[in-house]
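K.L.:
Quick one: sequence plus predicted model below, questions after.
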Amino acid sequence: MSVTCHTADRITVVTIDRPQRRNAVDLSTALALVEAFKAFDSASDSDVAILTGAGDAFCAGADLHALAAGERKPYKPDGDFAPMGPTRLRLGKPVIAAIEGPAVAGGMELALWCDLRVAGHSATMGVFNRRFGVPLVDLGTLRLPRLVGHGRALEFILTGRPIAMDEALRIGLVNEVTADGHALARALELARLLTGFPQAAMRNDRLSVYEQYDLSEREATANEIARGRATLDSGETLSGSRRFAEGAGRHGRFETPGSGGRRE
């Protein structure tokens with residue numbers, strides 16, 4: 001199997017398991033990633049997913065050996081499938097990338113698809129496909145400018161230069177940098193934090209952030225209100241207000257997972 005999944009404590013870890021190819025993604029791997037994340041999104045026993053790679057790489061991009069041998073992936077403007085797999089999916093729950101080693105070319109696009117990115121200090125990102133005439137077709141040209149700004153995104157896209165993690169952290173390309181070998185452990189810590197929150201509010205706020213890009217300001221405002229009403233209707237807000245009235249979270253005290261109500 002080129003993709004493995006493991007769920008425990010409401011966290012699903014999805015691992016690209018092709019270390020012999022530095023976790024480059026061929027057609028079967030792309031299809032397996034789509035299947036894995038659709039299953040996570042519909043699972044009632046999982047709130048957060050982590051995407052990582054086996055061995056010493058996150059993902060080296062598309063499998064150019066397979067491409068050179070004649071494999072072709074469908075390039076269609078609609079539908080759930082993208083050449084790297086899940087990058088066109090808009091999930092209802094968050095995904096964290098745990099990055100060690102290269103997350104380059106399509107592998108960088110996979111990382112950009114995730115909500116948060118945690119990377120080991122020696123990890124590398126970059127549009128390495130520039131040197132081989134391979135296009136960005138997994139929404140890298142959309143997501144990269146939104147994360148780092150138009151000018152920096154064009155620099156990375158045009159030059160294909162490597163991006164070290166100190167720079168990536170400074171410009172917001174990654175959220176945290178850890179010691180090498182500790183990215184997955186830190187991603188699990190973050191995932192446990194997220195599982196401890198009331199889920200309807202967190203998921204609705206997250207979706208409103210993504211949905212705004214397709215909307216005018218007026219429409220985005222209405223959508224935020226609609227998402228907020230859905231949270232209110234879930235009962236989470238009333239439950240949280242009661243917990244606050246009983247003394248939880250006073251004076252900025254932060255509630256750790258398990259200290260407050262959370263289930264759907």
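P.N.:
Happy to help now that I have it. Residues are numbered from 1 along each chain as shown.
K.L.:
wait, Ala54 sits on Ile16?
P.N.:
Yes: judged on Cβ atoms under 8 Å, Ala54 makes contact with Ile16 at a distance of 6.6 Å. Heads up, the C-betas are built off the backbone N, CA and C, glycines and all.
K.L.:
Compare these two and say which is more crowded by neighbours.
P.N.:
When Ala54 and Ile16 are compared for neighbours, Ile16 comes out ahead with 29 against 18, by other Cβ atoms under 10 Å.
K.L.:
how close does Asp63 get to Arg10?
P.N.:
32 Å (Cβ to Cβ, to the nearest Å).
K.L.:
Those two: which is more packed in?
P.N.:
Set side by side, Asp63 and Arg10 show more neighbours around Asp63, with 24 against 20, by other Cβ under 10 Å.
K.L.:
for that one, phi and psi?
P.N.:
phi -80, psi 100 (degrees, to the nearest 10).
K.L.:
Could I get the full set of helices for the stretch 101-250 of the chain?
P.N.:
Using DSSP state H, counting those that start in this stretch, the helices assigned to the stretch 101-250 of the chain run over residues 106-113, 140-148, 150-159, 165-171, 183-195, 199-211, 217-234, 236-245.
K.L.:
among the ones you listed, which is nearest Asp78?
P.N.:
helix 140-148 (15.3 Å; Cβ to Cβ).
K.L.:
how about that closest one: buried residues?
P.N.:
Using 16 or more other Cβ atoms under 10 Å as the test for burial, helix 140-148 gives 140, 143-145, 148.
K.L.:
would TSV of those residues with distance to Met1 and pLDDT be doable?
P.N.:
Below are the buried residues of helix 140-148 laid out as TSV (distance: Cβ to Cβ, whole Å; pLDDT from 0 to 100):
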residue	distance to Met1	pLDDT
Gly140	27	97
Arg143	28	97
Leu144	30	98
Pro145	35	97
Val148	34	98
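K.L.:
Spatially nearest residue to the spatially most central residue of the chain (excluding sequence neighbours)?
P.N.:
The residue lying closest to the centre of the chain (Cα atoms, centre = their mean) is Cys114, at 1.2 Å. The shortest distance from Cys114 to any non-neighbouring residue, by Cβ to Cβ, 6 or more residues apart in numbering, is to Ala97 (3.9 Å).
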